[in-house]
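Q: Provided below are the primary sequence and the corresponding predicted coordinates.
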Amino acid sequence: MPRAGLDPAAVVTAAADLADEVGLANVTMGLLAERLGIRAPSLYKHVASQADLTRRIAALALTELGDSLRDALQGRAGRDALAAAARTFRAFVVEHPGRYSATIRLDAGSPDDPVAVAGARVLDSLAAVLAGYQLDPADTVHALRMLRSLFHGFAVIEAAGGFEMDTSVDESFAWMIGFLDRGLSA
């Protein structure tokens, strides 16, 4: 019988928190069970497998990121929206490196897959940023991939402590946003 108060959502949230603390690669069913104060076999009443747990962490992370982007973009357009999206993406990855890493490479399966639904919300927000620029519609996918790559790359490197030069990381981030804005406005 499942422990009172423990359900799939609570298990996934605990696993996502644990991933942020120790890294996604170090989240095992045994470690998660220890964190929850239960035996590892009891976890299988809530998630099917380690892979299922990772997919659920990814869906949670993409939902949280999508919600944060949606909220940050309210009433903004152009460079203001671009900067808000970039700051939101950066903050999420730096604050939640474990759960974000679960989102990197997933096969969404069908459009109804929770990972696909949550991922679409993130892309919709990034597309809303691009709507403030006069892009050729044929370039939209290229521009989406560029935004995702730049936001992802900067934030992942920062979260890993990879920026070691003396120049301010915040100044480099602002420079990147300005560069992107000029490129998208050209």
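A: Arrived safely.

Q: would you mark the buried spots in the helix ranked longest in the chain?
A: In the chain, assigned by DSSP state H, the helix with the most residues is helix 50-73. For helix 50-73, burial by neighbour count (16 or more other CB atoms under 10 Å) applies to 53-66, 68-69, 72-73. C-beta: built from backbone N, CA, C; applies to glycine.

Q: so how far is stretch 124-135 off the chain centroid?
A: 19 Å (CA atoms, centre = their mean, to the nearest Å).

Q: so residue 75, which of the three states?
A: coil (DSSP: H, G, I helix; E, B strand; the rest coil).

Q: where's it relative to residue 132, distance?
A: For residue 75, the distance to residue 132 (CB to CB, to the nearest Å) stands at 12 Å.

Q: hang on, the earlier thing: and the next helix or strand after the longest helix of the chain, what does it pack onto?
A: Counting by DSSP states H and E, the next helix or strand C-terminal to helix 50-73 is helix 78-95. Where contact means 3 or more CB pairs under 8 Å, 6 or more residues apart in numbering; DSSP states H and E, helix 78-95 is packed against helix 50-73, helix 114-130, helix 140-159, helix 169-185.

Q: what stretches of this structure score poorly on pLDDT?
A: Residue ranges of the chain with pLDDT under 70: 1-4, 108.

Q: does the most centrally placed residue in the chain lie in a helix or a strand, and which?
A: Nearest to the geometric centre of the chain sits residue 100, at 4.3 Å (CA atoms, centre = their mean). If you go by DSSP H and E, residue 100 is part of helix 97-101.

Q: can I get that helix in PDB, CA atoms only?
A: The C-alpha coordinates for helix 97-101 follow below in PDB (Å, rounded to 0.1, in the frame of the first residue of the first chain):
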ATOM      1  CA  PRO A  97      20.100  22.300 -13.300                       C
ATOM      2  CA  GLY A  98      19.100  18.800 -12.500                       C
ATOM      3  CA  ARG A  99      15.500  18.900 -13.700                       C
ATOM      4  CA  TYR A 100      16.500  21.000 -16.700                       C
ATOM      5  CA  SER A 101      19.000  18.400 -17.800                       C
END
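
Q: what's it in contact with?
A: Contact with helix 97-101 is made by 16, 18-24, 27, 57-58, 60-61, 64-65, 92-93, 155-156, 159-160, as judged by CB atoms under 8 Å, 6 or more residues apart in numbering.

Q: one more time with 7 Å, if that's ok
A: By CB atoms under 7 Å, 6 or more residues apart in numbering, the surrounding residues in contact with helix 97-101 are 16, 19-21, 23-24, 57, 60-61, 92-93, 159.

Q: the more surrounded of residue 75 and residue 132?
A: Set side by side, residue 75 and residue 132 show more neighbours around residue 132, with 18 against 7, by other CB atoms under 10 Å.

Q: can you report phi and psi for the more buried one?
A: Here is the backbone geometry of residue 132 (degrees, to the nearest 10): phi -80, psi 0.

Q: cool, thanks, signing off.
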